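Undergrad: Need a 3D model of the sequence below.
(chains A and B)
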Protein chains: 2
Amino acid sequence: MPLFRRSNPQEAQPQQPFVARTDAGSLRGGVDLGGTKIQALIVDAESKVLGRARAATPHEGGPPAVIDAIAATVGEALADANVESTQLSGIGIGSPGSVDHSTGTVANASNLPDWMDPYPMGPEISARFGGLPVVLGNDVDVAVNAEFQLGAGRPYPSILGVWWGTGVGGGVILNGMNWVGRGFAGEFGHQVIERGGARCGCGNRGCVEAYAGRKDMQRWVTAKVEDGSKTKLFKIAKHKHRDSLTSGVWARAIRDDDRLAERAVRRATRALGAGIASSINLLDLPAVVVGGGMGERFFVDRQAEIAKYMEANLFRREDPPALLATELGDDGGAIGAALLLLPGA
Amino acid sequence: MPLFRRSNPQEAQPQQPFVARTDAGSLRGGVDLGGTKIQALIVDAESKVLGRARAATPHEGGPPAVIDAIAATVGEALADANVESTQLSGIGIGSPGSVDHSTGTVANASNLPDWMDPYPMGPEISARFGGLPVVLGNDVDVAVNAEFQLGAGRPYPSILGVWWGTGVGGGVILNGMNWVGRGFAGEFGHQVIERGGARCGCGNRGCVEAYAGRKDMQRWVTAKVEDGSKTKLFKIAKHKHRDSLTSGVWARAIRDDDRLAERAVRRATRALGAGIASSINLLDLPAVVVGGGMGERFFVDRQAEIAKYMEANLFRREDPPALLATELGDDGGAIGAALLLLPGA
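TA: Numbering: from 1, shown residues only, chains lettered A, B, ... in the order given. Okay, here's the model as predicted:
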């Protein structure tokens, strides 16, 4: 029940953008579409994983190449589960970019090849599987929801999800409701923690992401190296045949006691701590779940550090929120995508 | 309808802390209890003001002196409205400090004299008016709700309230629900906008309030004067017989082209803009209402300035939230307190 009821009741902002629900109870497909990898899972009614497959996201060929890769990966996951696509009640896809739920199109997916204009991902994938229902969701929202419903967030009525990866995404679940605002809420990574500070990919300065995004961390160490600092990061990347500093590269450098890498990671955790405190001061949520590629790799080791930086900025220090690792790990995105098929999702 | 329904439904966080509802429709009393003044109103079923009174908040004498002053001010408002207390359905009080709704006590009211321990404000006021129902609310929450229900926020399903005064308070209303979180949400003023920045009254550094709170603005100019800067602020305060830099003192100095005062106000609006952008990036709300003593005095003149600083930090610049002055002005707090008596409030 709301604290304040309107004397002139109005249309509430719709907070459930997903469409095309299907019957529950049957097997479902879930796809986590990222800038580097596609993860597909087949799950049962209890979200237990029956089959899985993973592929690299194409770097060229535009949307058709990505659609081909998604369809092939789902096909492999079906084979792994020994299941026919006709046995699925549908496929859920967690996608980057702007998802239009009414048309099943995705636009502005800057981490996918040539995918700025709207492209009908939903209909195209559906056509590949005999008209099977396909439901799209925002990649971070579905992963946060999976942790909320089935993972670390289960004990809590409300959580903040902090998705620490290439960028820093977020999701806000308030009393079981994913708060999307006018459609673009959850930009945890674009809270300002240092006015006039580091330039962020979004064009502003001093956002959490400008310090903690993996891409931004790479830009920072690149500038430091140009200024004469030493680091093994780029050597490790070369050795691992990576053309960017992946979370694995960062992890290896930290294990090797690389001082510049350590400084960059601390700079990131300090930003995350401040950003989490800002969100908690505004919303007073009981729990924060930290996921994403960097989160999966670093959160457990850095939990105390993030907690320390958070607590330094909390208004109410006596009752800090629980700061939690994900429980579903890498599977969370695809499991959350498959949850989109459940009624009431 | 929530976007995500729990598979294991749980107790939602209660977002309606107020108790002791009474019948609607009749006359109500509303009290806005501030650190400097007590404002009492008598309103009718449509929240139209029938009578009013105002008094200075006692600086000594502890809770009993404040209770006496509240009762006297309500008495004057009743006389002004030509109404007997028996005609009221109850009295609502917007109070600073921590309000315990189950017992009607208030604690930690640092702007009231010797009012840190819990004191039974509700029962004491009730006893002064023959057992009339008395309902307490947080002073900022009730003022934000008044603007939401009856003022500038009426066209919107959700708003952020920014209460710019001695400190910087806030209120978050989401689809008609005042989001209180675990009971302490809405600390807009304690979002971190500059890590390691100005010391805030809360003990942290770089909060919005550390730049924009009237008390913090005074501390800043005091330090500047000690360092040799010139300002007319303290002379104006002395002339007006004020022992602190009230919003009227600030306004006068600005009219007199006082450069240090101008710098301080810009420093405040810049902080407010960044803080508003952070909140909007996280919650994507359609409107922001700026109230409070400083807000009432300065918002209209500084609206474009705050909007500029906000937009510089918005993630989505194409669709900024409406940035609005209050419509109820100084009456909002007491009108909102009286709204506490309405059913469903």
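Undergrad: Check whether the lengthiest helix in chain A comes near chain B.
TA: Ranked by residue count and defined by DSSP state H, the top helix of chain A is helix A:259-283. Yes. Interface with chain B: helix A:259-283 contributes A:Arg270, A:Ala274, A:Gly275, A:Ala277, A:Ser278, A:Ser279, A:Asn281, A:Leu282, A:Leu283 (C-beta under 8 Å from any C-beta of the partner chain). C-beta coordinates here come from the backbone N, C-alpha and C atoms, glycine included.
Undergrad: State the helix or strand in which the residue nearest the centre of chain A lies.
TA: Centroid-nearest residue in chain A: A:Val140, 3.1 Å away (criterion: C-alpha atoms, centre = their mean). Assigned by DSSP states H and E, A:Val140 belongs to helix A:139-150.
Undergrad: same for the following helix or strand past that helix, what does it pack against?
TA: Following helix A:139-150 in sequence order, the next helix or strand is strand A:159-164 (DSSP H and E). Applying 3 or more C-beta pairs under 8 Å, 6 or more residues apart in numbering or on different chains; DSSP states H and E, one finds that strand A:159-164 contacts helix A:139-150, strand A:168-174, helix A:259-283, strand A:287-291, helix A:292-311.
Undergrad: would TSV of those with mean pLDDT and distance to A:Ala127 be doable?
TA: Shown next, in TSV, are those (pLDDT from 0 to 100; distance: least, C-beta to C-beta, whole Å):
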stretch	mean pLDDT	distance to A:Ala127
helix A:139-150	96	22
strand A:168-174	96	29
helix A:259-283	98	41
strand A:287-291	98	32
helix A:292-311	96	31
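Undergrad: returning to what we had before: from the chain's centroid, how far away is the helix holding A:Val140?
TA: Helix A:139-150 has its average C-alpha position 8 Å from the chain's average C-alpha position, going by C-alpha atoms, centre = their mean, to the nearest Å.
Undergrad: then it to CSV, C-alphas only?
TA: Presented in CSV, the C-alpha positions along helix A:139-150 are these (Å, rounded to 0.1, in the frame of the first residue of the first chain):
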residue,chain,number,x,y,z
ASP,A,139,20.7,-7.3,-20.3
VAL,A,140,21.5,-5.8,-16.9
ASP,A,141,17.8,-5.7,-15.8
VAL,A,142,17.3,-9.4,-16.4
ALA,A,143,20.6,-10.4,-14.7
VAL,A,144,19.7,-8.3,-11.6
ASN,A,145,16.2,-9.8,-11.6
ALA,A,146,17.7,-13.4,-11.7
GLU,A,147,19.8,-12.6,-8.6
PHE,A,148,16.8,-11.0,-7.0
GLN,A,149,14.4,-14.0,-7.6
LEU,A,150,16.8,-16.9,-7.5
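Undergrad: Is A:Leu41 in a helix, a strand, or coil?
TA: When classified by DSSP: H, G, I helix; E, B strand; the rest coil, A:Leu41 comes out as strand.
Undergrad: Could you pull up the contacting residues of it?
TA: Neighbouring residues of A:Leu41 by C-beta atoms under 8 Å, 6 or more residues apart in numbering or on different chains: A:Gly29, A:Gly30, A:Val31, A:Val49, A:Gly51, A:Arg52, A:Ala77, A:Asp331, A:Ala334, A:Ile335, A:Ala338.
Undergrad: and if you look at A:Cys207?
TA: Here A:Cys207 is in contact with A:Gly189, A:His190, A:Gln191, A:Val192, A:Ile193, A:Cys200, B:Phe315 (C-beta under 8 Å, 6+ apart).
Undergrad: among those, which ones are buried?
TA: Listed as buried from the contacts of A:Cys207 are A:Gly189, A:His190, A:Gln191, A:Val192, A:Ile193, A:Cys200, B:Phe315; burial here means 16 or more other C-beta atoms under 10 Å in any protein chain shown.
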